[in-house]
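Asker: How does the following fold in three dimensions:
(one chain, ligands or ions: 1)
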Amino acid sequence: MSRHLRIAAAQLGPLHRSDTRVDATQRLVNLLREAHTAGAKFVVFPELAFTTFFPRWWIEDQAEVDRLYFEETMPSAQTQPLFDEAKKLGIGFYIGYAEKTLEAGQVRRFNTAILVGPDGSIVGKYRKIHLPGHSDHKPQAAFQHLEKKYFEVGDLGFRVWKYMNTIAGMLICNDRRWPEAFRVLALQGAELVALGFNTPSENLHYPEPPALRVHHHLIMAQAMAFQNATWLVETAKCGFEDGFRMFGNSLIVAPTGEIVAKSVTEQDEVIAFNCDLDLAADLKRTMFDFARHRRPEHYKLIVERTGAEVTPANG
Ligand code: ING
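Answerer: Below is the predicted model:
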């Protein structure tokens, strides 16, 4: 009898600057209840799920940024209702938030996600490693993407945890553009990867067709799930936030690379699927038997070289 876990992606529509953490938490609780009605035991919420995607704004006053957008404790009084409801319903969840913490006397700020067990305990934490965008003010741009300004590069690495009868890993948004991130999780035995995202529909650097951005999102998710033989749940925060659009397309992808569920709106929406956690067994035993097929002795450049350099074999 194979192991099953009914999983939901709980997509969140727009959070405007005028929305409070209390507003967001209430919507997250409603999504949790809807996921419960669908029989879900594990729910994946988006990246930065309690506030608007504030890296789109240049804000000089760090105290203002901290007050409006960073969490000094998780949960806090405003976010506690989500944890209470999940524990009451016996549901585990992944959720992303902006983490402000004091470590060795230093204030640190990360784009963070946590894995919370059905008993309400925090099982694991991940701090986003691939930070996209820029740290300087681009006043000419239609919007900013200041993750490199507001967050530090995550310092916890890519790890997996024993979780709800499976091995779960976490990533956040831009991580899905870097195959190395998934492979490090798969090399640790990941069977399930949870990833929240906030992805603008527009490209701030050049006019890129919005449909092309969604195309990239879809092919990356299918490829990463298949090439690492893992279940992959990607959950959007989306819609027009203060007029700035982000796309939805929350997904549940099987280890075969097939999209088994996809959201169809840019609003609050729950998608769910009864995931067979042993579906990857044949793949891991044959095509993606890493131990038998991988040749790390030929992969050195992946670790040794950061940027591309032209080094042709014929000089
Ligand atoms: N958002 C976007 C993402 O990687 C981005 C930023 C979009 C970078 C498209 C490059 C190209 O999906 C976050 N929050 O990482």
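Asker: the strands in the stretch 101-250 of the chain, which residues?
Answerer: 106-116, 122-127, 160-163, 166-172, 192-197, 231-236, 239-241, 244-246 (DSSP state E, counting those that start in this stretch).
Asker: which stretch among those strands comes nearest Leu277?
Answerer: strand 166-172 (5.0 Å; CB to CB). No exception for glycine: its C-beta is placed from N, CA and C like everyone else's.
Asker: packing partners for that closest one?
Answerer: Under the contact definition 3 or more CB pairs under 8 Å, 6 or more residues apart in numbering; DSSP states H and E, strand 166-172 sits against strand 106-116, strand 122-127, strand 160-163, helix 179-186, strand 192-197.
Asker: about what we covered before: and the strands of the stretch 101-250 of the chain: which comes nearest Asn314?
Answerer: strand 166-172 (38.1 Å).
Asker: Now do the closest one against strand 192-197, angle only.
Answerer: Orientation of strand 166-172 against strand 192-197 (axes from the mean of the first three to the mean of the last three CA atoms, to 10 degrees) gives an angle of 20 degrees.
Asker: State the helix or strand in which the closest residue to Pro75 other than its chain neighbours lies.
Answerer: Using CB to CB, 6 or more residues apart in numbering and skipping residues adjacent in sequence, the residue nearest Pro75 is Phe83, 4.7 Å away. Assigned by DSSP states H and E, Phe83 belongs to helix 80-89.
Asker: Where do the helices of this structure begin and end?
Answerer: 21-37, 62-69, 80-89, 147-150, 179-186, 210-227, 281-285, 290-293, 300-304 (DSSP state H).
Asker: one step back: what number of residues are in the vicinity of the residue nearest to Pro75?
Answerer: 19 (other CB atoms under 10 Å).
Asker: Same question for Ser121.
Answerer: 11.
Asker: And it, how far from the ligand?
Answerer: 27 Å (CB to the nearest ligand atom, to the nearest Å).
Asker: which residues touch that residue?
Answerer: Not one residue lies near Ser121 by CB atoms under 8 Å, 6 or more residues apart in numbering.
Asker: For the remainder of this discussion, apply numbering that starts at 731.
Answerer: Sure, I'll start numbering at 731, so the last one becomes Ser851.
Asker: Now do the residue nearest to Pro805, the pLDDT please.
Answerer: Turning to Phe813, the model gives it a pLDDT of 98.
Asker: Now do the same contact list for it.
Answerer: Pro805, Val846, Gly850.
Asker: Which single one of those residues is nearest to the ligand?
Answerer: The ligand lies nearest to Val846 out of the contacts of Phe813, by CB to the nearest ligand atom, at 21.3 Å.
Asker: Please report how far the closest one lies from Gly822.
Answerer: 6 Å (CB to CB, to the nearest Å).
Asker: What of Asp753?
Answerer: 24 Å.
Asker: Likewise for Ala966?
Answerer: 20 Å.
Asker: same thing with Glu932?
Answerer: 34 Å.
Asker: repeat for Gly1037
Answerer: 39 Å.
Asker: Over to Gln870?
Answerer: 44 Å.
Asker: who in the stretch 881-1030 of the chain is up against the ligand?
Answerer: Cys903, Asn904, Arg907, Phe927, Asn928, Thr929 (CB under 6 Å from any ligand atom).
Asker: Return the members of the residues you listed classed as buried.
Answerer: By neighbour count, with 16 or more other CB atoms under 10 Å, those hold Cys903, Asn904, Phe927, Asn928, Thr929 as buried.
Asker: In JSON lines: the residues you listed, plus distance to Lys1014 and pLDDT.
Answerer: Output for those, formatted as JSON lines (distance: CB to CB, whole Å; pLDDT from 0 to 100):
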{"residue": "Cys903", "distance to Lys1014": "27", "pLDDT": "98"}
{"residue": "Asn904", "distance to Lys1014": "27", "pLDDT": "98"}
{"residue": "Phe927", "distance to Lys1014": "26", "pLDDT": "99"}
{"residue": "Asn928", "distance to Lys1014": "32", "pLDDT": "98"}
{"residue": "Thr929", "distance to Lys1014": "30", "pLDDT": "98"}
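Asker: Which two among these are spaced furthest apart?
Answerer: The farthest-apart pair in these, when distances are taken by CB to CB, is Asn904 and Asn928, at 9.9 Å.
Asker: doesn't Leu812 make contact with Val759?
Answerer: Yes. With contact defined as CB atoms under 8 Å, Val759 counts as touching Leu812 (5.6 Å).
Asker: more neighbours, the two?
Answerer: Taking other CB under 10 Å, Val759 and Leu812 do not tie; Leu812 has more neighbours (24 against 17).
Asker: Verify the contact between the more buried one and Pro805 for me.
Answerer: Yes. Counting by CB under 8 Å, Pro805 is a contact partner of Leu812 at 7.1 Å.
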